[in-house]
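# here is a sequence with its predicted model. Questions after.
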Amino acid sequence: MREGEADLPPPASGETGKRWRALAEVGAQDLGLAKIFESHTDAAAILRELGGVFAEEKLHAVWAAEDPREPLIFTPASGTLNGRKGWCSGAAFVDRGLLTAETPHGEAVLVLVEMRQPGVTVEPSAWMAAGMAGAGTTGVRFAAAGAEQVGPVDGYLDRPGFWHGGGGIAAVWYGA
């Protein structure tokens, strides 16, 4: 992605409609690409909102779906991530993932992980939704993978753009 391409108005900025129209336009062109584009632009907005660093030269994704059977655990003291995250679109080719996780004490946190490191294993994709084939949605296993917390405990859910940001993927579906 070239510099500036992820510069959509952030969610809850007063220009959410403009953001959603842009996402719908991409959805009308290519649903798999739109899912990756939406996730990348969501990561940019979230990182800026929570004081994280958005690396323009890297492709980002946000993965927030939770599987209560197999939680993803972030240990702040060691900066490590363990467990599994399902439904990770683009996991095989994105550079950085923003993931919801919990601490050993059950606190909800958002973490940033570099995807090309030891301890990160992208599973073969078993989810074959026809419209999403290009998004490469799969599960990812983390075994003592390095990660850093972004924002405070509950920051991901408590930030102003959370509810508006969740409408971004709906805009993609609408465009499709």
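Sure, I can see it.

# show me the shaky parts of the chain.
By pLDDT under 70, the weakly predicted segments of the chain are 1-6, 126-129, 131-132.

# which residue is nearest the middle of it?
residue 62 (0.2 Å; CA atoms, centre = their mean).

# ok, that residue to residue 118 distance?
Noted for residue 62: a distance of 23 Å to residue 118, by CB to CB, to the nearest Å. Just so you know, the C-beta spots here come from the backbone N, C-alpha and C atoms, and that holds for glycine as well.

# ok so, going back, you'd agree the residue nearest to the centre of the chain is up against residue 36?
No: using CB atoms under 8 Å, residue 62 is not in contact with residue 36, being 10.8 Å away.

# could you pull out the strands for this protein?
Counting by DSSP state E, the chain has these strands, from start to end: 60-63, 73-75, 80-88, 96-102, 108-114, 120-122, 138-146, 148-149.

# adding distance to residue 167, write these out as JSON lines.
Formatted as JSON lines, the strands of the chain follow (distance: least, CB to CB, whole Å):
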{"stretch": "strand 60-63", "distance to residue 167": "14"}
{"stretch": "strand 73-75", "distance to residue 167": "27"}
{"stretch": "strand 80-88", "distance to residue 167": "18"}
{"stretch": "strand 96-102", "distance to residue 167": "18"}
{"stretch": "strand 108-114", "distance to residue 167": "19"}
{"stretch": "strand 120-122", "distance to residue 167": "28"}
{"stretch": "strand 138-146", "distance to residue 167": "25"}
{"stretch": "strand 148-149", "distance to residue 167": "26"}
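
# deepest in the core, which of these is it.
strand 60-63 (a mean of 25; mean count of other CB atoms under 10 Å).

# now for that one, which elements pack on it?
Here strand 60-63 touches helix 31-50, strand 80-88, strand 96-102, going by 3 or more CB pairs under 8 Å, 6 or more residues apart in numbering; DSSP states H and E.
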